[in-house]
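> how would this look folded up:
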Amino acid sequence: MYDPRATMARMTLQDVLDFGAPEVAGSFGELAAGVVRTPLRFGAWVDVAPRWLRAGDELFETLAGTVPWQAERRQMYDNVVDVPRLTKFYGADETWPHPLLREACEALSAHYLPTLDEPLVTAGLCLYRDGRDSVAWHGDRIGRSRYQDTIVAILSLGATRTLALRPRGGGASMRFVTGHGDLIVMGGSCQRTWEHAIPKVAESVGPRMSIQFRPAGVR
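Presented below is the predicted three-dimensional model:
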């Protein structure tokens, strides 16, 4: 059986969430000060907060060993093929596999509430087992995100991979390199007017996990 924990390169990180000093815990001071926003065309934007989560080692190992990862298949032309990654989705009312997921979701909700005007409530997990696993160009346009601005916050764990963005319909792409504990948030019209992907890589890389926090009715 494939065991992602056996191939993950360990990283020494402080075992706390980077929400600032104890006296300002809950105020999200560190994220507010450390996030870098990249404005995009058509009213879209991307926020990046490097090493936002510092409890990544333990969280990765727990999720890798306890999440009931699902291998999906899909129709492609005349064939049914394996989806090149493992997935698991947790709704708002389900029991999530680690308390840090709830804490992260609540902290992000508090920070982005003035922009989004609603909380983030779901967690979609993807496991990219090696460089051959990927996700093709797409937007998260199932549900209200087809016609409303929204936010999708992605927490990365494990190996460093590239998240690519390009305007919907074609155009020059942008690349964001995401590593262990990094946070990337796509907001505004990004899901409608841009597409994103995790490309395959030829070199040998370890497993990478992404956790996508979204509001209700957005997939």
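> From the centroid of the chain, which residue is nearest?
With distances taken as CA atoms, centre = their mean, residue 154 lies nearest the centre of the chain, 2.2 Å away.
> Run through the residues that contact that one.
163, 178, 183-186, 210-213 (CB atoms under 8 Å, 6 or more residues apart in numbering). Placement of C-beta: from N, CA and C, glycine included.
> what about this structure, any weak spots by pLDDT?
By pLDDT under 70, the low-scoring segments of the chain are 1-33, 75-77.
> Longest strand in it, please.
Ranked by residue count and defined by DSSP state E, the top strand of the chain is strand 79-90.
> Please point out which parts of it sit buried.
Buried residues in strand 79-90, counted by 16 or more other CB atoms under 10 Å: 83-87, 90.
> Out of these, which is nearest to residue 34?
residue 90 (26.9 Å; CB to CB).
> Check whether that closest one really touches residue 125, as I assumed.
Yes. Counting by CB atoms under 8 Å, residue 90 does reach residue 125; the two are 7.4 Å apart.
> which among the buried residues of strand 79-90 gets closest to residue 102?
Comparing the buried residues of strand 79-90 against residue 102 with CB to CB places residue 90 closest, at 9.9 Å.
> List the beta-bridge partners for the residue lying closest to the closest one once chain neighbours are set aside.
Distances taken as CB to CB, 6 or more residues apart in numbering put residue 123 closest to residue 90, at 4.5 Å, once the chain neighbours are dropped. Listed by DSSP bridges, the beta-bridge partners for residue 123 are residue 90, residue 213.
> show me the contacts for residue 123.
By CB under 8 Å, 6+ apart, the contact set of residue 123 is 89-90, 96, 101, 105, 211-213.
> still on that earlier bit, which members of the buried residues of strand 79-90 are the farthest-apart pair?
Spanning the widest gap among the buried residues of strand 79-90 are 84 and 90, at 21.5 Å by CB to CB.
> longest helix anywhere in the chain?
Using DSSP state H to define each element, the chain has its longest helix at helix 99-116.
> Same question for it: list its buried residues.
100-101, 104-105, 107-112, 116.
> Look at the residue lying closest to residue 140 once chain neighbours are set aside and give its secondary structure.
Take residue 140 and drop its neighbours on the chain: the residue closest to it by CB to CB, 6+ apart is residue 191, 4.7 Å away. The three-state assignment at residue 191 reads helix, by DSSP: H, G, I helix; E, B strand; the rest coil.
> Right, I'll call it a day here.
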